[in-house]
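**Student:** What follows is a predicted protein model with its sequence.
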Amino acid sequence: MNGETPSSGPTGVDPSSPTRTGATVRVSPPLGNKTPTGLAKNDAMSRLLSENWWAIALRGVCGVLFGIITFVSPVATLLTLALFFAAYLLVDGVFGIISAVRAARAHDRWGLLLAEGALNILMGLIAALFPASAVSPS
């Protein structure tokens, strides 16, 4: 024999290193692999959720309360959504202008990005200053 035993492979070779057999390479997993299985992950998540049940219950109570407020005061809800939309437009406009500046530095097309950013900021300011007109149909 050439120093190999049927169970150990070539002498002096780490069993976790790739071994070449013919045209294929076989990689053995390292010993002591302690990655959690799917079942262990589910058990850990279930344990975490059972320890923090109160946070999930509080989230549900807040959702129900917001739903009740929406039904009781729909005008206030629409005004709040208009203000959130205004904030979104302002932030999106700033990012649009930042994208235009970056595109101009890279010698790419930037004109429409700048126009989009400026219009978003303008519409965001209008929606923030006049939220009732953003909601009312007239």
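**Tutor:** Happy to help now that I have it. Fair warning: this is a prediction, and the values are worked out from it, not measured in the lab.

**Student:** how close does the nearest residue to Ser133 once chain neighbours are set aside get to Leu119?
**Tutor:** Spatially, and ignoring its direct neighbours in sequence, Ser133 is nearest to Ile126 (7.9 Å; CB to CB, 6 or more residues apart in numbering). For every residue, glycine as well, the C-beta is placed using N, CA and C. With distances taken as CB to CB, to the nearest Å, Ile126 is found 11 Å from Leu119.

**Student:** any idea how this protein splits into domains?
**Tutor:** Split into domains by automatic domain parsing, the chain comes to 37-72, 74-138.

**Student:** Tell me which stretches of this structure form helices.
**Tutor:** All helices of the chain, identified by DSSP state H, fall at 38-51, 53-72, 74-105, 111-129, 131-135.

**Student:** same for the second one, what does it pack against?
**Tutor:** Yep, that's helix 53-72 we're talking about. Other elements packing on helix 53-72 under the criterion 3 or more CB pairs under 8 Å, 6 or more residues apart in numbering; DSSP states H and E are helix 74-105.

**Student:** Likewise for the longest one?
**Tutor:** Secondary-structure packing of helix 74-105 (3+ CB pairs under 8 Å, 6+ apart): helix 53-72, helix 111-129, helix 131-135.

**Student:** Now do that helix and helix 53-72, the angle between them.
**Tutor:** 110 degrees (axes from the mean of the first three to the mean of the last three CA atoms, to 10 degrees).

**Student:** just the angle between helix 74-105 and helix 111-129, please?
**Tutor:** Going by the same axes, to 10 degrees, helix 74-105 makes 160 degrees with helix 111-129.

**Student:** Mind listing what's buried along helix 74-105?
**Tutor:** Across helix 74-105, burial judged by 16 or more other CB atoms under 10 Å covers 77-78, 82, 85-86, 89-90, 92-93, 96-97, 99-100, 103.
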